[in-house]
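Visitor: Got a sequence here, can you build the structure:
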Amino acid sequence: MNFDSELDGKVKEIETILKAFLPKEDGWAKTVMEAMNYSVNVGGKRLRPMLMAETYRLFGGTDRIIEPFMAAIEMIHTYSLVHDDLPAMDNDEYRRGRQTTWVVYGDAMAILAGDGLLNYAFETALKSFEMTDSDCDRMKIARALSILAKKAGIYGMIGGQTADIEAESLGEKVTQEHLLFIHEHKTAALIQAAMMVGAVLAGASDAQTAFVEKAAYEIGIAFQIQDDILDVTSSLETLGKPVGSDAKNQKTTYITLKGIEEAAQEQKEMSDHAIELLKSLEKEGFRNEFLMELIRSLITRIR
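Guide: As a prediction, the model looks like this:
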């Protein structure tokens, strides 16, 4: 397997799926649709829809019923970035090498674009009901929607963002427990949603889905630790967004708590353990080597 070549092909597939589900830019609300599409089309790793699709394949899924959910989770992720970049939040002017949505369209339209993406994500996911006549599939879709809603909401990503904002005023009082709550909810929750939705739609059991949730937690924490490392060690040209944002916003991170070397070691241990968990499913006949390699690549990513 040529991982880089296969990865590039899968990103292109996801881009095609996204374009098929994005709103048409017309009518009196055209500007917000333009801002929504601009935000999504800035690009990115497309990690969450890819993890969703690969977990779906891990458990034997083959239908196109996964596609609306792949588009939906990328819309939710993008809305969170649009709001994250706002002056009232992180005040970042660049994302993925391009100007952020608020810089191009203004604060108000960026807020609306984020709101629009969140709502449109669920409109999109609901289209999966139109793709099947099976009552069994419909039950899976309903469960997948519930997972997506919870992991994106106040008990997931929004809860983590709340704790993150409040932590900025605490300075050195932020504990590792507090930081793990932020990382679990702000970052890992959507990765859990991606992989759990893929598992559920493919017909995984409750026990298997819980197993995937645990692995996705470790993947999410490891991913965020690497993000913290890159914010210190990378550059605007490489990362595509300003570095040093955490220090600028006085954020406590794994780096400020433990230093780069210890943080990097914990990140590798979590990634390795997540791979071990998922590889143990091979005993039940479930195997996806590309998914394993994708997780490994998160350890060494430079952007």
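Visitor: Can you list the low-confidence ranges for the stretch 51-200 of the chain?
Guide: Residues of the stretch 51-200 of the chain meeting the criterion pLDDT under 70: none.
Visitor: quick one, helices of it?
Guide: Per DSSP state H, counting those that start in this stretch, the stretch 51-200 of the chain carries helices over the ranges 67-84, 101-105, 107-126, 135-152, 157-167, 176-182, 189-202.
Visitor: would CSV of those with mean neighbour count be doable?
Guide: Every C-beta, even on glycine, is put in place using the N, C-alpha and C of the backbone. Listed next are those as CSV, based on neighbours: other C-beta atoms under 10 Å:
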stretch, mean neighbour count
helix 67-84, 25
helix 101-105, 21
helix 107-126, 20
helix 135-152, 17
helix 157-167, 18
helix 176-182, 16
helix 189-202, 28
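Visitor: Please go through this protein and pick out the longest helix.
Guide: With DSSP state H applied, the helix covering the greatest number of residues in the chain is identified as helix 206-233.
Visitor: now that one against helix 157-167, angle please.
Guide: 40 degrees (axes from the mean of the first three to the mean of the last three C-alpha atoms, to 10 degrees).
Visitor: pretty sure Thr253 is touching Leu230, no?
Guide: No. Counting by C-beta atoms under 8 Å, Thr253 does not reach Leu230; the two are 11.0 Å apart.
Visitor: For these two, indicate the residue with more neighbours.
Guide: Remark: of Thr253 and Leu230, Thr253 carries more neighbours, 22 against 17, as counted by other C-beta atoms under 10 Å.
Visitor: can you pull the pLDDT of the more buried one?
Guide: With respect to pLDDT, Thr253 scores 83.
Visitor: Give me the nearest residue to it, chain neighbours excluded.
Guide: Asp228 (4.1 Å; C-beta to C-beta, 6 or more residues apart in numbering).
Visitor: Could you do Leu58 as well?
Guide: Nearest non-adjacent residue to Leu58 (C-beta to C-beta, 6+ apart): Asn288, at 4.1 Å.
Visitor: Quick one: neighbours of that neighbour, just the number.
Guide: With other C-beta under 10 Å as criterion, Asn288 counts 18.
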